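Student: A predicted structure for the sequence below; I have some questions about it.
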Amino acid sequence: VTGYGDMTGVARFDEAWVEAYRRKDAIRCPFFRRRTVDALEMVLGLARFVLSRHKSLDVTPVRPTGSKSGGMTLAQVSDVVRADFEERRYYVTGRLSKRIYADDCMFDSPDPDMPVKGLRKYVDAISHLFETKKSKVELIGMEVLPHRNAILARWRLEGTLRLPWRPAVRPYTGVTLYELNEYGLVQRHTELWSTHVIVAFLSAVLSVEEPLTQRALGLIGVHVDPPAPPLEELVNLPVPQQAPDPAPLLATDAHGGRGVLSRLGDAMGRMGRLV
């Protein structure tokens, strides 16, 4: 279908969607034909969003992503990651340097679903998450951790999600740990956010600034932090105040568990006791 070549990557869904799109030509009324296209585009947008958030849906095997630049030093890999932030804005565009990542790299974050294993899956997911012209990620700072064979980056993000109603993402900060394997490739990419995961998801459908919303969240122990200040203010703060404390990431080894998700589990448990 012209103009829709970049679908979801789930063969059964993509085939059914394309078939439904082609059938629209059988609708004689121009008004209903246009509304059908609108509905199909909404379904496609939601499908992309669901796949990007529900990373536990292991719909495709790990696929190769091209040649790799193994054997690089930590400093060299750090320079590439820096360029991915500053030049390619990879968190909101999906345009990261695949050559420094293992194809079976594990990506994890405060997202309530299971982490995703596979560079291709991760890139496909984040490539459809943000409106790139209305979104930005800004690098606050980076440091090399030789004792962990890792790199730590602090960043700030704000933007607009690619959902039909185009919700804005409240500015927040994050910290990402890039752990390299014996070949000098990033094997684990784990992150923490300054905003609670429940607040991040709710802000896509309602205003978390409303007092009633904040009181309701307070009942389950979820605090709504203020939006992150502009980058110009963040860089002048002491490093510990610029982004979340990376200690939980540094305390988890390469085979660690789901520690970054404990806050969500605790909150959902409190919610269950209230209903």
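Tutor: Okay, I see it. Source: prediction; values computed, not measured.

Student: so where does A39 fall, helix or strand?
Tutor: Secondary structure from DSSP states H and E places A39 in helix 30-53.

Student: Show me what secondary structure element comes after that helix.
Tutor: Per DSSP H and E, the first helix or strand lying C-terminal to helix 30-53 is helix 74-86.

Student: Now do the buried residues in that next one.
Tutor: Of the residues in helix 74-86, L74, V77, S78, V80, V81, D84, F85 count as buried by neighbour count, 16 or more other CB atoms under 10 Å. Quick note: C-beta positions are derived from backbone N, CA and C, even for glycine.

Student: Can you list the neighbours in contact with it?
Tutor: Helix 74-86 has contacts (CB atoms under 8 Å, 6 or more residues apart in numbering) with 69, 72, 90-91, 95-97, 99-100, 137-139, 142, 144-146, 149-151, 153, 155, 178, 180, 184, 186.

Student: which parts of the longest strand seen in the chain are buried?
Tutor: In terms of residue count, the longest strand belonging to the chain (DSSP state E) is strand 168-180. For strand 168-180, burial by neighbour count (16+ other CB under 10 Å) applies to V169, R170, P171, Y172, T173, G174, V175, T176, L177, Y178, E179, L180.

Student: Run the angle between it and helix 74-86 for me.
Tutor: Computed by axes from the mean of the first three to the mean of the last three CA atoms, to 10 degrees, the angle separating strand 168-180 from helix 74-86 equals 160 degrees.

Student: Could you give the separation of the host helix or strand of R12 from the chain centroid?
Tutor: Using DSSP H and E, R12 sits in helix 11-23. When C-alpha coordinates are averaged (CA atoms, centre = their mean, to the nearest Å), helix 11-23 and its chain have centres 26 Å apart.

Student: How about stretch 90-104?
Tutor: Taking CA atoms, centre = their mean, one finds stretch 90-104 lying 12 Å from the centre of the chain it belongs to.

Student: Output that stretch as CSV, nothing but the C-alphas.
Tutor: What follows is stretch 90-104, C-alpha atoms only, in CSV (Å, rounded to 0.1, in the frame of the first residue of the first chain):
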residue,chain,number,x,y,z
TYR,A,90,18.0,8.4,19.0
TYR,A,91,15.6,8.3,21.9
VAL,A,92,12.9,10.0,19.9
THR,A,93,14.0,9.0,16.3
GLY,A,94,15.3,5.5,16.7
ARG,A,95,18.4,6.4,14.7
LEU,A,96,21.1,4.8,16.8
SER,A,97,24.4,3.4,15.7
LYS,A,98,23.6,-0.3,15.3
ARG,A,99,27.3,-1.1,14.8
ILE,A,100,28.2,-0.7,18.5
TYR,A,101,25.3,-2.9,19.7
ALA,A,102,25.0,-6.7,19.9
ASP,A,103,22.1,-7.9,17.9
ASP,A,104,20.7,-9.7,21.0
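
Student: Going by neighbour count, list what's buried in that stretch.
Tutor: Neighbour-count burial for stretch 90-104, with 16+ other CB under 10 Å as criterion, is recorded at Y90, Y91, V92, T93, G94, R95, L96, K98, I100, Y101, A102, D103.
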